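**Q** give the three-dimensional model of this entry:
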Amino acid sequence: MLSEPSFSCSCRSCTGQGCYYRAALPGDLLMAKYYAFLLAELTLSRLPKSIGYVIATIAADIVYALCPRLRQRVAGNIRHVLGPESASAEIRRAVRGVLRTTAKNYFDLIKIPRMKPEEIRRLVTPHGVHHVVDALASGKGVMLVTAHFGSFDLAVQLLAVHSVPTTILVEALEPEQLLNHVVWLRRNKGLNIIPAKAGALQIMTRALRNREIVLIACDRDVTGEAPKAIFFGAETRLPDIAVRIALRTGAAIIPVFSIRRDDGRYDVYVEPPIQATSSGSGAVAECMREVIGVMEKYIRSCPEQWAVLQPVWPENAGGRRVQ
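**A** Numbers count the residues shown, from 1 in each chain. Presented below is the predicted three-dimensional model:
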């Protein structure tokens, strides 16, 4: 039986200093984070994308210069991707790229309500979409598995503008006001966005049984309770909830990734469905290895577009100093 995953942090990595899976901030700092997001939205969302991206790039470079701990965490992740013998200059370039990608993603997010459907169709080019069409035509739901890679917030809007019923599981941000506002932005074109809270499992299961699409990112564990897995040759924890729900409901498991292009457009690549040849827990592990392999392929191809600012491996919580 598939049990509801716990989305509150009770992992063994918690210490008196807090948990690297979910950093606890005082209430006033959390609210400052919310108001800062609103201010950025009010002042930047009306700008043309070209100007917004310039501002996002400058902001990311300032963060790079002023936040050494953040640089260290991202560098720890990138070092796993590029390999322990990678040059420091190569790591620095990739870390700077991650921060720039993240800043551009935030700009994309606040622009969504002001974008018309035809603009999204023009900017986002899908490849291999027949894999999803064929799975839906066969009467199955579709579990899309992905990573925090490329411009995921904007690229997934292509499903909304084509009126494809889609449910997306997202991290439950703090404070609640920020979570509600970000969910509103992501839902603007018609997506069903659900925070990772109690009841999310039932919603996703129901959507798949209704032959709809569910999308879950599988590259970061926000609970500290996910199964251990080998990711880029090192052990960490990665959530397998997407695979378990799909196998339980009979939904097709299809990897999908977006890549940000230099010309301001986006490519979405849909991989062939992942098939399990075993059963039970062996099927879950088998499919997860396939999912991890596809995530590694895309992240390795453009490490600067892997927009994860938290440590993915436990030993990266501190990180080595990056100049």
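**Q** now do the strands in the stretch 1-150 of the chain.
**A** Ranges of strands in the stretch 1-150 of the chain, per DSSP state E, counting those that start in this stretch, are 124-127, 142-146.
**Q** for Thr236, which of those strands is the nearest?
**A** In terms of CB to CB, the element of the strands of the stretch 1-150 of the chain nearest to Thr236 is strand 142-146, at 16.7 Å. (Glycine included, C-beta is placed from N, CA and C.)
**Q** now do the closest one: distance to the chain's middle.
**A** 12 Å (CA atoms, centre = their mean, to the nearest Å).
**Q** what packs against it?
**A** In terms of contacts (3 or more CB pairs under 8 Å, 6 or more residues apart in numbering; DSSP states H and E), strand 142-146 is packed against helix 130-137, strand 213-217, helix 241-249, strand 252-260.
**Q** highest mean neighbour count out of the strands of the stretch 1-150 of the chain?
**A** Ranked by mean neighbour count under mean count of other CB atoms under 10 Å, the strands of the stretch 1-150 of the chain are led by strand 142-146, which reaches a mean of 27.
**Q** hey, C-alpha coordinates of that one in CSV?
**A** Only the C-alpha atoms of strand 142-146 are listed here, as CSV (Å, rounded to 0.1, in the frame of the first residue of the first chain):
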residue,chain,number,x,y,z
VAL,A,142,1.1,10.2,-17.5
MET,A,143,3.6,10.8,-14.7
LEU,A,144,6.1,13.4,-16.0
VAL,A,145,9.4,13.3,-14.1
THR,A,146,11.9,16.1,-14.3
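**Q** just checking, next helix/strand downstream of it?
**A** Proceeding N to C from strand 142-146, the next assigned helix or strand is helix 152-155, under DSSP states H and E.
**Q** how far off centre is that following helix?
**A** 10 Å.
**Q** what lies in contact with it?
**A** 105, 108-109, 111-112, 120, 123-124, 146, 186, 217, 258, 266, 268, 307 (CB atoms under 8 Å, 6 or more residues apart in numbering).
**Q** which ones among the residues you listed map onto helices?
**A** Secondary structure from DSSP state H places Asn105, Asp108, Leu109, Lys111, Ile120, Leu123, Arg186 of the contacts of helix 152-155 in helices.
**Q** most neighbours out of those, which is it?
**A** Ranked by the number of neighbours (other CB atoms under 10 Å), the ones in helices among the contacts of helix 152-155 place Asp108 first, at 24 neighbours.
**Q** wait, what's in contact with it?
**A** Ser151, Asp153, Leu154.
**Q** next one, pLDDT for it please.
**A** Looking at Asp108, its pLDDT is 97.
**Q** next one: it from Leu47, what distance?
**A** 12 Å (CB to CB, to the nearest Å).
**Q** Gly97 now?
**A** Distance from Gly97 to Leu47, by CB to CB: 22 Å.
**Q** again, but for Pro126
**A** 27 Å.
**Q** now Pro272
**A** According to CB to CB, Pro272 and Leu47 sit 39 Å apart.
**Q** who has more neighbours, those two?
**A** Leu47 (16 against 13).
**Q** okay, now the closest residue to that one other than its chain neighbours: neighbour count?
**A** Nearest residue to Leu47, sequence neighbours excluded (CB to CB, 6 or more residues apart in numbering): Ile55, at 7.3 Å. For Ile55, the tally of surrounding residues (other CB under 10 Å) stands at 16.
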